[in-house]
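**Student:** heads up, no residue letters with this:
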């Protein structure tokens, strides 16, 4: 007998396995089917799912019979999570440039609302002074915002890698600028109700400029501002809230933060123990006071923690000499 349809040979092997383990998880380690015009060999296979036969048939002669069929093995697909623009003023009115060097840094602000995001990318519109194309090694950092001063406070530690290009990048004095995109090297969460700064600096090569705009940005992180540093981020000037560097920030929406509810409260000897849910990247602290009428809340030393995503289990010592103590959980900005 001569077999010319490879799919029939494969289907035969599938049928043999499927008859033994219909609607179950199973595997095919390997198989060989030979006859007439050649040999078809399959390597390691792993199939699972609810199977169903769509076609079947029989091939036979005086020596043997092969029964085969085409079987379907549905595979559940994970839902695709859409990327979202959370800040965009790149189509705004061009409003000058910020000059950036190895010591003169420029920071552009963006503030999130109640929706947290996983940061996907930050794109800035960059160029160089003069008339010629030049090369520069550029760096982007994400800084947290100091809620007291409204200035960049410290780098969040996320490493931003150039996307689609490597340092040094080639820039020209075009207006409003060439888009240069960075992506985080590891997943980074932009926490809800918190402000950040995209900080641009030059590591080596020619100085660069970042295009500016006074047009209000679109997206969930639409609050803006800008500020510069002349000593490589050691100190910052007075923030300007009338404009921003042109940038496009994209992210993936994360589930809303769990309700901050204290649970499993109990006394164990001289300790008060309880737990509460947290969100990754969010910082929490425990505060206490002796009375509710006049005393101020003070942070309990050693209780400030940044969450990795799991619930916090807290144990607090109870002072026997103090008749009353009150505690609360505070989510820090």
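**Tutor:** Cool, got the structure. All of these numbers come straight from a predicted model, not from anything done at the bench.

**Student:** which parts of stretch 284-291 are buried?
**Tutor:** 284-286, 288-289 (16 or more other CB atoms under 10 Å). All C-beta spots, glycine's among them, are computed from the backbone N, C-alpha and C.

**Student:** Please compute how far it lies from its chain's middle.
**Tutor:** 32 Å (CA atoms, centre = their mean, to the nearest Å).

**Student:** same deal with stretch 123-136?
**Tutor:** That offset, for stretch 123-136, works out to 29 Å (CA atoms, centre = their mean).

**Student:** low-scoring pLDDT stretches of the stretch 51-200 of the chain, where are they?
**Tutor:** 51-60, 64-81 (pLDDT under 70).

**Student:** So what does the residue lying farthest from the centre of the chain have for phi and psi?
**Tutor:** When distances are taken from the C-alpha mean of the chain, residue 62 lies farthest, 63.8 Å away, according to CA atoms, centre = their mean. Reported as degrees, to the nearest 10, the phi and psi values for residue 62 are phi -70, psi -20.

**Student:** average pLDDT across stretch 211-225?
**Tutor:** Average pLDDT, stretch 211-225: 88.

**Student:** End to end on it, go ahead and measure it.
**Tutor:** 14 Å (CA to CA, to the nearest Å).

**Student:** need the contact list for the residue nearest to residue 231 when sequence neighbours are not counted.
**Tutor:** Once flanking residues are discounted, residue 231 sits nearest to residue 103: 6.4 Å by CB to CB, 6 or more residues apart in numbering. Shown in contact with residue 103 (CB atoms under 8 Å, 6 or more residues apart in numbering): 230-232.

**Student:** Next up, phi/psi of residue 103, please.
**Tutor:** Residue torsions, per degrees, to the nearest 10, at residue 103 are phi -110, psi -30.

**Student:** Going along the chain, name the strands of the stretch 101-250 of the chain.
**Tutor:** With strands called from DSSP state E, counting those that start in this stretch, the stretch 101-250 of the chain shows them at 105-111, 117-127, 134-145, 152-155, 160-162, 169-171, 178-184, 189-190, 195-205, 208-213, 226-229, 244-245, 247-253.

**Student:** State the distance from the residue most central in space within the chain to residue 187.
**Tutor:** Note on the chain: the residue nearest the mean C-alpha position is residue 118, at 2.9 Å, using CA atoms, centre = their mean. Distance, residue 118 to residue 187, using CB to CB, to the nearest Å: 6 Å.

**Student:** go on, residue 284?
**Tutor:** Counting by CB to CB - residue 284 and residue 187 are separated by 20 Å.

**Student:** again with residue 215
**Tutor:** On the measure of CB to CB, residue 215 and residue 187 end up 31 Å apart.

**Student:** Over to residue 247?
**Tutor:** For residue 247, the distance to residue 187 equals 20 Å [CB to CB].

**Student:** With neighbour numbers in mind, choose between these two.
**Tutor:** A count of neighbours by other CB atoms under 10 Å puts residue 247 above the other of residue 247 and residue 187, at 25 against 12.

**Student:** residues contacting that one?
**Tutor:** Contacts for residue 247 (CB under 8 Å, 6+ apart) come out as 87-90, 108, 110, 122-125, 198.

**Student:** how does it look with 6 Å?
**Tutor:** 108, 124 (CB atoms under 6 Å, 6 or more residues apart in numbering).

**Student:** on that earlier part again, how many residues are close by the residue lying closest to the residue nearest to the centre of the chain once chain neighbours are set aside?
**Tutor:** Excluding the flanking residues, the one nearest residue 118 by CB to CB, 6+ apart is residue 252, at 4.7 Å. Residue 252 has 15 neighbouring residues, counting by other CB under 10 Å.

**Student:** isn't residue 252 right up against residue 119?
**Tutor:** No: with contact defined as CB atoms under 6 Å, residue 252 does not reach residue 119; the gap is 8.6 Å.
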